[in-house]
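*Asks:* Here is a sequence together with a model predicted from it:
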Amino acid sequence: MNEFPDSFVRNTWYMAGFSHEVGETLLRRKLLGRAILLYRKSDGVAVAMNDRCPHRFAPLSMGDRDGDTIVCRYHGLTFDGSGNCVRNPFADKLPRGACVQTYPLVERDGIVWFWPGDPEKADANTISDFSMLFVEGHGAPLTGYMPMAANYEYGTDNLLDLSHIEFVHRGTFAGRGVIFAGQHELLQEANRLQSNWWMPNISAPPHTAGIYPPDMRCDHWLDMRWDAPATMYLQVGGCPTGAPRDSGIINHQAHILTPETEGTTHYFWASTRNLPPSPEGDAMVHGLLSAAFNDEDKPVIEAAYRNLDGEDFWQAQPCFVGIDAGGTRARRIIETLRKGEKDAL
């Protein structure tokens with residue numbers, strides 16, 4: 001049995017991809033340091049298995065589909081969706097040890113969730129809720145993907161400390177100083193964090209453009225929910241000052257980080273629209289978010305990670321400025337979860 005590295009929390013759900021990414025075509029994606037093959041069977045059920053034939057270790061993703069089975073391109077051993085060898089082209093007898101490890105998958109809210117740990121502990125009830133991404137009349141959310149040459153915890157640091165928007169996002173949706181006039185709170189319940197910014201009585205925030213007049217006085221909030229190890233939901237809200245929150249303009253975003261390796265990360269994102277779908281509107285919103293993530297966040301996060309030259313985060317003795325408490329708390333929770341898994345062995 002091939003284990004995932006114990007440097008990762010394993011008994012938890014990670015995002016393997018969006019549902020629309022997993023189809024008839026064989027998809028190879030490295031997750032937690034291991035190459036995984038993803039595909040969808042004819043009944044619509046998605047499959048995840050090690051992308052390695054047990055004979056001479058060729059990637060099964062290089063092979064062919066024969067119905068719901070995968071035929072290895074190297075010597076033709078054929079495997080079903082359970083990872084069992086069902087055909088040996090050289091003999092009627094199936095080789096000993098000719099099986100491929102598979103992993104629990106659950107699809108929910110347009111996301112394929114992957115469980116790398118003990119299958120008996122895979123509880124679908126612990127999957128984070130992203131049903132808010134589907135708004136009636138507004139269609140499925142806009143989605144995107146960004147590869148990141150940094151450890152995933154550095155991405156968490158960035159997302160749990162949204163004060164960085166004043167400096168990093170000057171070209172897209174910088175807060176024009178409103179963050180500094182706002183109030184921040186960090187809440188914890190078990191392994192969930194809530195990092196919230198509240199900015200009352202400001203000019204209409206950027207996400208309300210085209211709906212509220214620019215000079216309208218608004219209450220603005222940025223509420224980030226973090227579920228270990230790196231699954232985040234951001235609610236971006238704005239309403240007329242003093243009005244109930246639910247009367248305002250609310251944008252829902254998913255920011256989900258899955259380790260590719262120790263030093264690289266899959267950054268998946270999704271966002272609702274504030275208006276019904278349109279080609280022009282979708283292109284504008286997608287372009288703005290892509291620019292913010294790819295052109296502004298990504299270079300800074302990667303440069304910070306690279307600048308440590310492999311030194312351990314804590315050994316580098318980072319200083320703290322208060323509002324970065326979310327990322328610090330998240331790192332401590334992950335440490336505790338990893339230690340708990342090691343101690344249980």
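*Replies:* Yep, it's here.
*Asks:* Could you pull out the strands in the stretch 101-250 of the chain for me?
*Replies:* Taking DSSP state E, counting those that start in this stretch as the criterion, the stretch 101-250 of the chain carries its strands at 105-108, 111-114, 142-148, 183-189, 192-203, 217-227, 231-240, 249-261.
*Asks:* Pull up the gap between the residue nearest to residue 289 when sequence neighbours are not counted and residue 152, please.
*Replies:* Distances taken as Cβ to Cβ, 6 or more residues apart in numbering put residue 271 closest to residue 289, at 6.0 Å, once the chain neighbours are dropped. In short, each C-beta sits where N, CA and C put it, glycine included. Counting by Cβ to Cβ, to the nearest Å, the gap from residue 271 to residue 152 is 20 Å.
*Asks:* Give the burial count for residue 237, as a bare number.
*Replies:* Neighbourhood size, residue 237 [other Cβ atoms under 10 Å]: 21.
*Asks:* whoops, I mixed them up, residue 280
*Replies:* For residue 280, using other Cβ under 10 Å, the count is 7.
*Asks:* Now do the closest residue in space to residue 255 that isn't next to it in sequence, the pLDDT please.
*Replies:* Spatial nearest neighbour of residue 255, excluding adjacent residues (Cβ to Cβ, 6+ apart): residue 232 at 4.3 Å. Looking at residue 232, its pLDDT stands at 98.
*Asks:* Check residue 2 too.
*Replies:* With respect to pLDDT, residue 2 has a value of 57.
*Asks:* related to what we said a few turns ago, most tightly packed of the strands of the stretch 101-250 of the chain?
*Replies:* strand 111-114 (a mean of 24; mean count of other Cβ atoms under 10 Å).
*Asks:* which residue is nearest the centroid of this structure?
*Replies:* residue 256 (1.8 Å; Cα atoms, centre = their mean).
*Asks:* got the contact list for that one?
*Replies:* Residue 256 sits next to 15, 111, 230-232, 267-269 when contact means Cβ atoms under 8 Å, 6 or more residues apart in numbering.
*Asks:* Flag the shaky bits of the stretch 101-250 of the chain, pLDDT-wise.
*Replies:* 171, 173-176 (pLDDT under 70).
*Asks:* same thing but 90
*Replies:* The model of the stretch 101-250 of the chain has pLDDT under 90 over residues 136-139, 162-182, 206-207, 209-210.
*Asks:* which ones are touching the nearest residue to residue 146 once chain neighbours are set aside?
*Replies:* Computed as Cβ to Cβ, 6+ apart, the closest residue to residue 146 that is not its neighbour in sequence is residue 267, at 4.2 Å. Residue 267 sits next to 145-148, 155, 255-257, 293 when contact means Cβ under 8 Å, 6+ apart.
*Asks:* A strand includes residue 267, no?
*Replies:* Yes: Residue 267: assigned to a strand according to DSSP: H, G, I helix; E, B strand; the rest coil.
*Asks:* what are the bridge partners for it, then?
*Replies:* residue 146, residue 257 (DSSP bridges).
*Asks:* measure it to residue 154 for me?
*Replies:* 11 Å.
*Asks:* With residue 127 instead?
*Replies:* From residue 127 to residue 154 the distance is 24 Å (Cβ to Cβ).
*Asks:* okay, now the residue nearest to residue 289: neighbour count?
*Replies:* Residue 271 has 22 nearby residues by other Cβ under 10 Å.
*Asks:* Would you agree residue 270 is in contact with residue 253?
*Replies:* Yes: in this structure residue 270 lies within contact range of residue 253 using Cβ atoms under 8 Å: 6.7 Å.
*Asks:* returning to what we had before: ok, now how distant is the residue nearest to the centre of the chain from residue 128?
*Replies:* Taking Cβ to Cβ, one finds residue 256 at 8 Å from residue 128.
*Asks:* what do these two both touch?
*Replies:* Common neighbours of residue 256 and residue 128 (Cβ under 8 Å, 6+ apart) are residue 231.
*Asks:* Please, where are all the helices along this protein?
*Replies:* For the chain, the helices defined by DSSP state H occupy 152-160, 165-168, 178-181, 279-290, 298-307, 325-344.
*Asks:* Tell me which of those helices approaches residue 245 most closely.
*Replies:* Nearest to residue 245, of all these, is helix 178-181, at 16.9 Å by Cβ to Cβ.
*Asks:* Show me the contact partners of that closest one.
*Replies:* So helix 178-181 is contacted by 162-163, 165-166, 197, 199, 202, 205, 220 (Cβ under 8 Å, 6+ apart).
*Asks:* Ok, stretch 98-107 next?
*Replies:* Taking Cβ under 8 Å, 6+ apart as the rule, stretch 98-107 contacts 1-2, 13, 16, 19, 36, 46-50, 52-55, 60, 77, 79, 81-85, 88, 112-116, 119, 122, 124, 127.
*Asks:* If we go by neighbour counts, what in that stretch is buried?
*Replies:* Buried residues in stretch 98-107, counted by 16 or more other Cβ atoms under 10 Å: 98-100, 102-105, 107.
*Asks:* Over to stretch 300-308?
*Replies:* 301-302, 305.
*Asks:* Now do that stretch, average pLDDT.
*Replies:* Rounded mean pLDDT across stretch 300-308 is 96.
*Asks:* Counting neighbours, what do you get for residue 26?
*Replies:* Based on other Cβ under 10 Å, the number of other residues close to residue 26 is 17.
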